[in-house]
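J.: sequence first, predicted coordinates after that:
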Amino acid sequence: MNFLTRKNIDLKVADAVSGGIASKLVERSDVCGLDAGVGKPRVLEAMTITHGFRDGTKVLQDFSIQIDAGEIISLLGPSGCGKTTTLRLIAGLEPLQKGTIKIGGSTASSEGIHTPPENRNVAMMFQDYALFPHLSVFDNVMFGLGRISREERRDRAIKALDDVGLSEYWDRKPATLSGGQQQRVALARAIAPNPQLLLLDEPFSDLDTELRRKVRTDTIRVLKSAGVGALMVTHDPEEALYMSDRIAVMKDGQIEQIGPPMDLYNNPRSLYVARLFSEINEFLGIVKNGMVETALGLAPASELKDGELATVMIRPEHVLIGDEAKAVPGAVDASLDLLKYLGRDAVMQAKLDNGDEVIIRTDIRNLPLDTSSVPIALDFKNSISFKK
Ligand code: ATP
């Protein structure tokens, strides 16, 4: 690492990199707040936020969310549902109209209270990284470390660059780094001040697919080891599933559902949430004796009342084909068209006699050679019936 020998860093850098300073900086005694009951301090508590703009746009309505130290939460939802506004209010870039925002247990925004952004112990990371092109990597990381001694600023910058694996690039200018390296500089700059909370707005959207995967993994590692709570805005459901401890799905300025990724994917509370995570099959029917009749058999609908109109939802990977389907009540033979070849999986479409189209996603090893007449059936253990 070339910076170990540089004169202009007059600190015991070797100690820092080998962990001496690291352990000191990792101590997060400044992180305090309400105990969330699971041994981790609560770093964010946003309660019943209602917010709009002067032109009459209502953006957030009774919005509440809590984040504990070390927890990564994604805000997922369509354009305009209020994700960025939420981040801006928490960062203090926008004065709050109604509700309360507590950071580390202290009220940062409420009626008559507005702690300025620089005093919130919250860091932000944007899509474009906002690095200063004329400053070196090291100076970019040092930049946000305002009010502490120069020596401590250096300690923290060294530690942060070490955490993101960029120590050897310390004297480069951002333009000489790859997109992934620039993202890591931005991450180092964000975590260097030891924030309690990091707000990320579409942080990986400029990276290509391959790099995104790697950078996501690195980011999770860095955030977890620093014990920072993170709230990340994303449009990408796959990213939310991969990165998050919990996902908050937003709709029209409210949280439609919040929970661990597996919960949201397998137990969506509404068709809106179900549709966000994958293509789905939907069958319309009337509830009778706690069941809905579909073209492929009876789907359970015990939570709905008899006579109600219902939509039965089933994900394409829960449509069975071939031998697996044969013995299932309601199975029919259908011809399959290959829609997408995805390497490990294939997406196919079956057209039923009644005109219904069924999307199927299957491991390519299950692809039948002859697709002209293949048994298909629904795995009703994995269907969900929603009131229409
Ligand atoms: P995207 O995913 O497209 O970034 P978003 O979910 O982050 O969208 P916001 O940027 O929070 O959405 O905007 C929510 C709504 O508030 C939108 O209808 C937007 O037009 C409106 N809005 C945002 N900022 C302002 C503003 N300064 N003045 C008026 N309306 C605004």
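T.: Thanks, I have the structure now.
J.: up against the ligand, what does the stretch 101-250 of the chain have?
T.: Counting by C-beta under 6 Å from any ligand atom, the residues of the stretch 101-250 of the chain close to the ligand are His235. Heads up, the C-betas are built off the backbone N, CA and C, glycines and all.
J.: pretty sure Gly322 sits against Ser373.
T.: No: with contact defined as C-beta atoms under 8 Å, Gly322 does not count as touching Ser373 (11.1 Å).
J.: contacting residues around Val233?
T.: Contacts for Val233 were tallied using C-beta atoms under 8 Å, 6 or more residues apart in numbering; they are Ser74, Leu75, Lys83, Thr84, Thr86, Leu87, Leu200, Asp201, Glu202.
J.: three-state assignment of it?
T.: Secondary structure state of Val233, per DSSP: H, G, I helix; E, B strand; the rest coil, is strand.
J.: counting by contacts, list what the longest helix anywhere in the chain packs against.
T.: Secondary structure of the chain per DSSP state H: the longest helix is helix 209-226. Using 3 or more C-beta pairs under 8 Å, 6 or more residues apart in numbering; DSSP states H and E as the contact definition, the elements that helix 209-226 packs against are strand 72-76, helix 150-163, helix 179-191, helix 237-243.
J.: give the contact list for Lys388.
T.: Here Lys388 is in contact with Leu284, Glu308, Leu309, Ala310, Thr311 (criterion: C-beta under 8 Å, 6+ apart).
J.: can you tell me which of those is nearest the ligand?
T.: Within the set of the contacts of Lys388, Thr311 lies nearest the ligand; the separation is 25.9 Å, counting by C-beta to the nearest ligand atom.
J.: okay, and that closest one sits in which element?
T.: Mapping Thr311 onto the secondary structure by DSSP states H and E places it in strand 309-314.
J.: contact partners of that strand?
T.: For strand 309-314, the external contacting residues (C-beta under 8 Å, 6+ apart) are 268, 271, 274, 280-287, 292, 294, 299, 301, 304, 378-380, 382-388.
J.: mind redoing it with 7 Å?
T.: With contact meaning C-beta atoms under 7 Å, 6 or more residues apart in numbering, strand 309-314 is reached by 271, 274, 280-287, 292, 294, 299, 301, 304, 378, 382-388.
J.: how long is stretch 284-302 end to end?
T.: Between the start and the finish of stretch 284-302 there is a gap of 16 Å, counting by C-alpha to C-alpha, to the nearest Å.
J.: including pLDDT and neighbour count, could the contacts of Lys388 go into TSV?
T.: Output for these, formatted as TSV (pLDDT from 0 to 100; neighbours: other C-beta atoms under 10 Å):
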residue	pLDDT	neighbour count
Leu284	95	12
Glu308	95	15
Leu309	96	12
Ala310	97	23
Thr311	97	18
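J.: now those residues in JSON lines, with distance to Val222?
T.: Output for the contacts of Lys388, formatted as JSON lines (distance: C-beta to C-beta, whole Å):
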{"residue": "Leu284", "distance to Val222": "47"}
{"residue": "Glu308", "distance to Val222": "49"}
{"residue": "Leu309", "distance to Val222": "49"}
{"residue": "Ala310", "distance to Val222": "45"}
{"residue": "Thr311", "distance to Val222": "42"}
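J.: and the furthest pair within those residues?
T.: Leu284 and Glu308 (11.5 Å; C-beta to C-beta).
J.: check the contacts of strand 309-314 for burial and list the buried ones.
T.: 271, 274, 280-281, 283, 285, 287, 292, 294, 299, 301, 304, 378, 383-386 (16 or more other C-beta atoms under 10 Å).
J.: just the residues you listed: which are in helices?
T.: Leu271, Ala274.
J.: neighbours around Leu211, how many?
T.: By other C-beta atoms under 10 Å, 16 other residues sit near Leu211.
J.: and for the one 4 residues further on?
T.: Residues near Val215, counting by other C-beta under 10 Å, number 20.
J.: was I right about it contacting Phe204?
T.: Yes: with contacts counted by C-beta atoms under 7 Å, Val215 reaches Phe204, the gap being 5.8 Å.
J.: ignoring the adjacent residues along the chain, who's closest to Lys351?
T.: Here the nearest residue to Lys351 in space, its sequence neighbours aside, is Glu357; by C-beta to C-beta, 6 or more residues apart in numbering that works out to 5.6 Å.
J.: for Met313, see how far away the one you found is.
T.: Spatial separation of Glu357 from Met313 under the definition C-beta to C-beta, to the nearest Å is 15 Å.
J.: ok, Ile247 next?
T.: 18 Å.
J.: check Asp252 too.
T.: Asp252 is 21 Å from Met313, by C-beta to C-beta.
J.: neighbour-wise, which of these two wins?
T.: Counted by other C-beta under 10 Å, Asp252 and Met313 do not tie: Met313 has more neighbours, with 21 against 15.
J.: so for that one, what's the pLDDT?
T.: Residue-level confidence at Met313 comes out at 97, pLDDT.
J.: and if you look at the one 5 residues further on?
T.: The score at His318 is 97. That number is its pLDDT.
J.: circling back: more neighbours, Gly322 and Ser373?
T.: In terms of neighbours (other C-beta under 10 Å), Gly322 is the more surrounded of Gly322 and Ser373; the figures are 14 against 11.
J.: ok, that one - contacts?
T.: Under the criterion of C-beta under 7 Å, 6+ apart, the contact list for Gly322 reads Asn366, Pro368, Val374, Pro375.
J.: since that was my last question, I'll sign off now.
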